[in-house]
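Undergrad: here's my sequence, what's the structure:
(2 chains)
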Protein chains: 2
Amino acid sequence: MTLPLIQPRKLKGFRDYLPGPTRLRQMVMNEIRAVARRAAFQEIATPALEYEETLLGQGGEETDKQVYRFEDHGGRKVALRFDLTVPFARFVAEHQGELVFPFKKLQIGDVWRGENTQKGRYREFGQCDFDIIGVDSLAADVEVMLALATVLSRLPTGGVTMSVNHRGLLSGILKAAYGSEINAAEETRALIAIDKLAKAGEAEVTKLLAAIPAHGRGSEDAARLVMRAITVKDSGGNADLAALRRMVNEENPAALAAIEPHIERVSAIVDTLRRAAPPEGVRFALDLSVARGLGYYTGVVFETTLDRLPGFGSVSSGGRYNDLASRFTNRELPGVGGSIGLDRLVAGLEELGTADSSMKGGAMVAVASSDALSYAFDVVSLLRNSGVNADIGLTEGKVGNQFKYASRLGYAHTVTVGGSEMATRTANLKDMNTGEESRGLPIAEIIARLASQ
Amino acid sequence: MTLPLIQPRKLKGFRDYLPGPTRLRQMVMNEIRAVARRAAFQEIATPALEYEETLLGQGGEETDKQVYRFEDHGGRKVALRFDLTVPFARFVAEHQGELVFPFKKLQIGDVWRGENTQKGRYREFGQCDFDIIGVDSLAADVEVMLALATVLSRLPTGGVTMSVNHRGLLSGILKAAYGSEINAAEETRALIAIDKLAKAGEAEVTKLLAAIPAHGRGSEDAARLVMRAITVKDSGGNADLAALRRMVNEENPAALAAIEPHIERVSAIVDTLRRAAPPEGVRFALDLSVARGLGYYTGVVFETTLDRLPGFGSVSSGGRYNDLASRFTNRELPGVGGSIGLDRLVAGLEELGTADSSMKGGAMVAVASSDALSYAFDVVSLLRNSGVNADIGLTEGKVGNQFKYASRLGYAHTVTVGGSEMATRTANLKDMNTGEESRGLPIAEIIARLASQ
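TA: Below is the predicted model of the structure:
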């Protein structure tokens, strides 16, 4: 066959993971799984492909447009999942009889969105979701947020801030500013505007808010009130709840009673997180400007940013929703969940340059003559079984090539064997950094030296 | 919104992973990654979606029919990968300047095939591929096979047999039986027939072989000669190489010289594997009936079966190919690779029932009154930081519910806290198996007791 060559190329918006970035990604997943195991979140997995009707209409029109959809071999309309939440809702509805509630779950998987590509955004990316389904409690809110905070504290992020808010508070603020007559569509519009604050700035958000009809006052006044309420901080840098109470009480006393329980809940969440052996390097901040664009949140909402990369955006976010699987079952399943954007976080760690993703140390057994190959495998197996990361020269006899390979991969030591070493069960140990070589060392001694490093 | 409910259902041929099977799958992947790290195989990842032209025509017509293909939002013809080998070929051709050769790689990922479903076969399944690219050497063959064998030896399989053969030996046998004039298409037909031996039996394979035209003798005679050569064993249960040499020499002396180097190579591979600290529970057998249907193998071929599940089929297989990326680059890239069928292997372990996939031990902190919640999180964090897997009751105050949950999940201990325990920094420790309870123990003592278990 001499067919013309095909250009080796990836699809636009997709990426390959070379060994270094794969190690970094794997390190993050290892920490996620370690935290989940320690805190009794159970991992599950669902298929990449689902019926189209399962996925569509669940993430909003914008998302629907981005979903990869097609007909399979049996003429079924199928789609690649665009997040892990909708498949999880289907999973819970289908398996509710097999699960113990409250169900604490972890799911790690890739999702696909055919969105316009931009720097650091891909059409295929990994998500890691922690959720607790089947209970509406302060403890569940704290438990999910603590798990996410613990994962982030175990990574070399240089510090993160988890900003916390409550949808009920935002709703109270909007009612105080726009009047109790504000309807659901207008509230959503306002939330989407507030969600843009970090990226678009105060002036732009004020303009968007001023375009929403107000009742009993001008829209521009309403917009200014909202902006003041969500941006005023107390001396500790947290949302000023006293100022919030005053403002709501002045503008719409009826709304104050409605928001009190939400103030209490979100304050208790942040207090408990701060007091419960707070994970190192994680700051919890009450921030009334956190909105999270998605429609389904009903309680606490939060997002986490890297302190050393202010413009980078959120690496983890989530919130409470009051009914996960309402499209699939009549059973009411309240829950709280948070997601870590795996590839976003890996990109952040790459940008910070704090994570070491090199192959560290290790030894390579060099094979000086092909009659010593069997002995070389004996030696490399002994090293590996003693806990030493060990490679073996693959070009029998050509020992120069093997040394070049060992030095390109950065191995700390080489262990060279040939016919005479085989006869005496010895080898020549070389330190690749200093160039120092010890010839004819007994294998047991070499293993003892390398295993102790 | 009161839209009609959608039935929660998976696509046919796809499966959900509940917590138990996910733990099992994760355990297998952990062993694979541990072995890879120890033996210096570097992990990479490629996208699930590729250009259709990258994937099609690479796995044979049968595979092409099973590929999930569609047009994306930009009108590009795209396809979901059906294996990890073809994307890896594209990867190596695209990134050859960034890799150190010989390149030892691990890739773990899901693949998709729209084939007819049958018991234990899914349309989405995980593969784990070990490959060494850029060198044709005995050492590389052994290194890949040793890695696979080591993974399998670390799992509770109850013993596996890795059966080893060489494509050159099969080719020599076919030339001896059918005459040197046998062409490539006929050889492939014969290999596909031989590959069916375990499933279809000797009579059926003999019939298929007898339908291939022979030169200088009848096809039925040729078929009988082939069957005798590939099934005769020596007293140790390995292929009888002496009988093979006699048969080839009698029928086609020219073919004997051609197969001698292959006999030497495959014998040296098996010898080296047996002598190089053989992984416990893995038997290496020389078996001339191993064919591996795929066209691209050129050297050693092997497959691994579970000793305690004779009819289950192969859980790991592979071989040497002489040119991985010939569709993408003129650079010749010989390699050797082996794959573990992740979901096949998990299904085997489930059938064997040898792997414990339950959540083991662990403790749950029960919250007897909601004012103790913050203290309860303090206690659960201390336990987790001391290495204890610990859950927390999520229905504040309703301690009866919490105990029911702890017992359904099988936790070994509960640690109950209320207002009075908070005041004295104590808790009540209960052994869920014996029912024994120690009241008012200092937290430090509880942690010491649970951490030592």
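
Undergrad: in contact with residue A:214, which residues?
TA: A:177-179, A:182, A:221-222 (CB atoms under 8 Å, 6 or more residues apart in numbering or on different chains). C-betas here are computed from N, CA, C, even on glycine.

Undergrad: at 7 Å what do you get?
TA: A:178-179, A:222 (CB atoms under 7 Å, 6 or more residues apart in numbering or on different chains).

Undergrad: ok, residue A:105 next?
TA: A:41-42, A:44, A:131 are the contacts of residue A:105 under CB under 7 Å, 6+ apart.

Undergrad: let me have the residues you listed in TSV, adding neighbour count and pLDDT as columns.
TA: Output for those, formatted as TSV (neighbours: other CB atoms under 10 Å in any protein chain shown; pLDDT from 0 to 100):
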residue	neighbour count	pLDDT
A:41	25	97
A:42	20	96
A:44	27	98
A:131	27	98
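
Undergrad: circling back to that earlier point, which one (most neighbours) among the contacts of residue A:214?
TA: Highest neighbour count within those: residue A:178, with 28 neighbours (other CB atoms under 10 Å in any protein chain shown).

Undergrad: if we can go back for a sec, give me the subset of the contacts of residue A:105 that also touch chain B.
TA: With CB under 7 Å from any CB of the partner chain as the criterion, the contacts of residue A:105 include A:42, A:44 near chain B.

Undergrad: need the contacts of residue A:105 in JSON lines (columns: secondary structure and distance to residue B:245).
TA: JSON lines is the format used below for those (DSSP: H, G, I helix; E, B strand; the rest coil; distance: CB to CB, whole Å):
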{"residue": "A:41", "secondary structure": "coil", "distance to residue B:245": "60"}
{"residue": "A:42", "secondary structure": "strand", "distance to residue B:245": "58"}
{"residue": "A:44", "secondary structure": "coil", "distance to residue B:245": "55"}
{"residue": "A:131", "secondary structure": "strand", "distance to residue B:245": "64"}
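
Undergrad: for the residue nearest in space to the middle of chain A, name its beta-bridge partners.
TA: In chain A, the centroid-proximal residue (CA atoms, centre = their mean) is residue A:340; its distance is 2.0 Å. Per DSSP bridges, the residues bridged to residue A:340 are residue A:128, residue A:316.

Undergrad: distance of it from residue A:297?
TA: Separation of residue A:340 from residue A:297 (CB to CB, to the nearest Å) stands at 17 Å.

Undergrad: rewinding a little: chain B: which of the contacts of residue A:214 is nearest?
TA: Nearest to chain B out of those is residue A:178 (CB to the nearest CB; 23.2 Å).

Undergrad: so who does the closest one touch?
TA: A:212, A:214-215, A:222.

Undergrad: what of residue A:155?
TA: If you count contacts by CB under 7 Å, 6+ apart, then residue A:155 has A:28, A:31, A:349 around it.

Undergrad: help me confirm that the second one is found in a helix?
TA: Yes - note on residue A:31: a helix contains this position according to DSSP: H, G, I helix; E, B strand; the rest coil.

Undergrad: count the neighbours of it for me.
TA: Residue A:31 has 17 nearby residues by other CB under 10 Å.
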